[in-house]
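S.K.: got a predicted model here, sequence first, then my questions.
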Amino acid sequence: MAKERSAFMGPRLRRLRRDLGLTQSAMAGDLGISSSYIALIERNQRPITAELLLRLAHTYRLDIATLASERSDEFSARLASVIRDPMFSDLDLGATEIEDFSNSFPGTAEALLRLYTAYQEGQMALADQGGKETVLADPVADVRRFLAARHNSFPSIDDEAEALAAKIAASGGFTDYLAGRRVKVRRLPSDVMTGSMRRFDQHRGEIVLDERLDKASAAFQLALQVAYLDLSPAIDAALAEARLDGANSARLAQRALANYAAGALMMPYRAFVKAAEARRYDVEALSRQFGASFEQVAHRLTTLQKPGMEGVPFFFIRVDAAGNVSKRLDGAGFPFARHGGSCPLWSLHQAFCTPRQILTQWVELPDGERFFSIVRTVTAGGGAYDAPRVERAIALGCAAKHAHRLIYAQGRDLAAEPPTPIGVSCRLCHRVDCIARAEPPIGRQLLADDYRRTAAPYGLADR
């Protein structure tokens, strides 16, 4: 097999010819063969004989070992590294197939490498430019605008979900309600689920759940499936009001509204807002009362803006340890940075040092607006020793005028407490003395540090 591979050297011969700046006719004349034969060799339709290999080395004064080197193996390795990108993870491409492709279709393989390089450069440019929509459509930002414009409140979905939740409760819960619709619920091992937490088999009339899901997660997945089955008209009606850019935005918005509906089924509006007021928005107590997780309750608290029955308006944000924002909901008018991370002085980023503990913080933005935030880490995944899990931090916050209604502010004179000065992001914060600054603010001139260096990373001139 190795002998056959060494005989077919079309891509290497083409590369050599191009490096020498020769046409096929010129090389054929140098070697005393026809140009058509050169073309056949380069397409791997003819092997290079030992005699022709020696003639190449002699004519162009090349080391025969270099000429017969495994440069194609390096080319295949480059292609293999590209194929390892997560975007190709669902393609079953083996090493042999990649090697055959790079050897048999070197031009196409080179085109793929160039396209991938251009793609990487485009992604880096997009990140550097702050994800401007003029560069690339952003479905996540599109959906965030849709939700923020409505303060993450959809009363029509709440009304439909509340009526359906009463029927589910009368039936004895989600499992019994689904049984009445001739849909069974089963729990199966993760290896059988093949990466799915929930799967609805319409042919067999059953919903299958991963047995590693905890009680709150399993309940949410059942609620989500019921929302898709019975609340689709309400979801579609809310979705019809959106002005979304493209199919991806529409799918993300539909998923967001379905999740909203699932939360409304688990925590019906009237009962939930009444309990929230009675318990002074104690997230842990509410999670016990409604059989939901800390994050599910925090998420639901951002939706309590139904006219005539408003609760405290909250904002919500979820980040990972690297500061990446994976979820953001605004019902409180918090000025989130549209792109990039948040202020490092916010306790949201210190929560990972004290897992599962609630941290409270009184914060003030550069314009003087104050908010009260509640922060805690949450875990996704798990359920078994070897099961992957992800630790994230979530923040739930409200404007200063509502803080007295929260149990977390009980017994505290917030007016007398000095707030932590934070910014929306470094690029939008003009505090000159912040030692945690990562970037200079937009629109400010930097001072030279040839004779004076400030404690802050950047010296800023007066505006």
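M.R.: That came in fine, so what should we check first?
S.K.: where does the stretch 1-150 of the chain dip in pLDDT?
M.R.: 1-8, 64-75, 103-104, 106, 120-137 (pLDDT under 70).
S.K.: just say helix, strand or coil for the most centrally placed residue in the chain.
M.R.: Ranked by distance to the mean C-alpha position of the chain (C-alpha atoms, centre = their mean), the top residue is S326 at 5.7 Å. Applying DSSP: H, G, I helix; E, B strand; the rest coil to S326 yields a three-state assignment of strand.
S.K.: looks like it contacts I317 (just checking).
M.R.: No: counting by C-beta atoms under 8 Å, S326 stays clear of I317, with 9.1 Å between them. (Each C-beta comes from the backbone N, C-alpha and C, glycine too.)
S.K.: residue ranges with poor pLDDT in the stretch 251-400 of the chain?
M.R.: Low-confidence regions of the stretch 251-400 of the chain, defined by pLDDT under 70, span residues 338-341.
S.K.: helices along that one, start to end?
M.R.: 269-278, 283-290, 294-301 (DSSP state H, counting those that start in this stretch).
S.K.: list the contacts of the second one.
M.R.: Looking back up the chat, that one is helix 283-290. Helix 283-290 has contacts (C-beta atoms under 8 Å, 6 or more residues apart in numbering) with 216, 266-267, 272, 275-276, 279, 292-294, 296-298, 301, 358, 374, 396.
S.K.: of those residues, buried ones?
M.R.: 216, 266-267, 272, 275-276, 292-294, 296-298, 301, 358, 374, 396 (16 or more other C-beta atoms under 10 Å).
S.K.: need the max-distance pair from those residues.
M.R.: Farthest-apart pair in the buried ones among the contacts of helix 283-290 is M266 and I358; separation 21.8 Å (C-beta to C-beta).
S.K.: who's in contact with the residue nearest to F272 when sequence neighbours are not counted?
M.R.: Excluding its sequence neighbours, the residue lying closest to F272 (C-beta to C-beta, 6 or more residues apart in numbering) is R300, at 6.4 Å. Counting by C-beta under 8 Å, 6+ apart, R300 makes contact with 263-264, 266-267, 272, 292.
S.K.: and for G459?
M.R.: Contacts for G459 (C-beta under 8 Å, 6+ apart) come out as 432, 446-449, 452-453.
S.K.: and if you look at A262?
M.R.: 220, 223-224, 226-227 are the contacts of A262 under C-beta under 8 Å, 6+ apart.
S.K.: would you mind listing which of those residues are buried?
M.R.: For the contacts of A262, buried by 16+ other C-beta under 10 Å: 220, 223-224, 226-227.
S.K.: ok, back up a step: just the contacts of R300 now: which is nearest H404?
M.R.: Nearest to H404 among the contacts of R300 is F272, at 20.8 Å by C-beta to C-beta.
S.K.: how is this protein partitioned into domains?
M.R.: According to automatic domain parsing, the chain comprises the domains 2-115, 133-266, 280-429.
S.K.: rebuild these as a markdown table, extending it with distance to P441.
M.R.: Listed next are the domains of the chain as a markdown table, based on distance: least, C-beta to C-beta, whole Å:
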| stretch | distance to P441 |
| --- | --- |
| domain 2-115 | 35 |
| domain 133-266 | 22 |
| domain 280-429 | 6 |
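S.K.: between those domains, which gets nearest to E439?
M.R.: domain 280-429 (4.3 Å).
S.K.: first-to-last residue distance for the closest one?
M.R.: Distance between the boundary residues of domain 280-429 (C-alpha to C-alpha, to the nearest Å) amounts to 33 Å.
S.K.: and for stretch 422-436?
M.R.: Stretch 422-436: ends 10 Å apart by C-alpha to C-alpha.
S.K.: roughly how far out does that stretch sit from the chain middle?
M.R.: When distances are taken as C-alpha atoms, centre = their mean, to the nearest Å, stretch 422-436 is centred 26 Å away from the chain's centroid.
S.K.: do a quick rundown of the strands in the chain.
M.R.: Ranges of strands in the chain, per DSSP state E, are 184-188, 198-201, 206-210, 314-320, 325-330, 359-364, 370-381, 389-399, 420-421.
S.K.: and of the contacts of A262, the nearest to T49?
M.R.: L224 (66.1 Å).
S.K.: contacting residues for the closest one?
M.R.: 198, 258-259, 261-262.
S.K.: G381 reaches E391, doesn't it?
M.R.: No: judged on C-beta under 8 Å, G381 makes no contact with E391 at a distance of 9.5 Å.
S.K.: higher neighbour count, the two?
M.R.: When neighbours are counted by other C-beta atoms under 10 Å, E391 comes out ahead of the other of G381 and E391, with 16 against 13.
S.K.: OK, contacts around Y260?
M.R.: By C-beta under 8 Å, 6+ apart, the neighbours of Y260 are 152, 154, 157, 303.
S.K.: separation between it and F146?
M.R.: 12 Å (C-beta to C-beta, to the nearest Å).
S.K.: what does L365 give?
M.R.: 25 Å.
S.K.: so how far is I422 from H430?
M.R.: Taken as C-beta to C-beta, the span from H430 to I422 is 13 Å.
S.K.: of the two, who's got more company?
M.R.: Using other C-beta under 10 Å, the more surrounded residue of H430 and I422 is I422, with 24 against 14.
S.K.: verify the contact between the more buried one and L345 for me.
M.R.: Yes: counting by C-beta under 8 Å, L345 is a contact partner of I422 at 5.0 Å.
S.K.: which non-adjacent residue is nearest P189?
M.R.: Take P189 and drop its neighbours on the chain: the residue closest to it by C-beta to C-beta, 6+ apart is E211, 5.8 Å away.
S.K.: I meant to write R405 there.
M.R.: V312 (5.6 Å).
S.K.: so who does the one you found touch?
M.R.: Contacts of V312 were listed using C-beta under 8 Å, 6+ apart, and they are 276, 281, 301, 304, 398, 402, 405-406.
S.K.: and if we set it to 6 Å?
M.R.: 398, 402, 405 (C-beta atoms under 6 Å, 6 or more residues apart in numbering).
S.K.: T303 too?
M.R.: 152-153.
S.K.: and it, its phi and psi?
M.R.: phi -100, psi 0 (degrees, to the nearest 10).
S.K.: what's the distance between it and L239?
M.R.: 16 Å.
S.K.: what of F105?
M.R.: 44 Å.
S.K.: what do you get for D367?
M.R.: With C-beta to C-beta as the criterion, D367 and L239 are 35 Å apart.
S.K.: which of the two has more neighbours?
M.R.: Ranked by neighbour count (other C-beta under 10 Å), D367 and L239 place L239 first, with 18 against 7.
S.K.: tell me the contacts of that one?
M.R.: So L239 contacts 253-254 (C-beta under 6 Å, 6+ apart).
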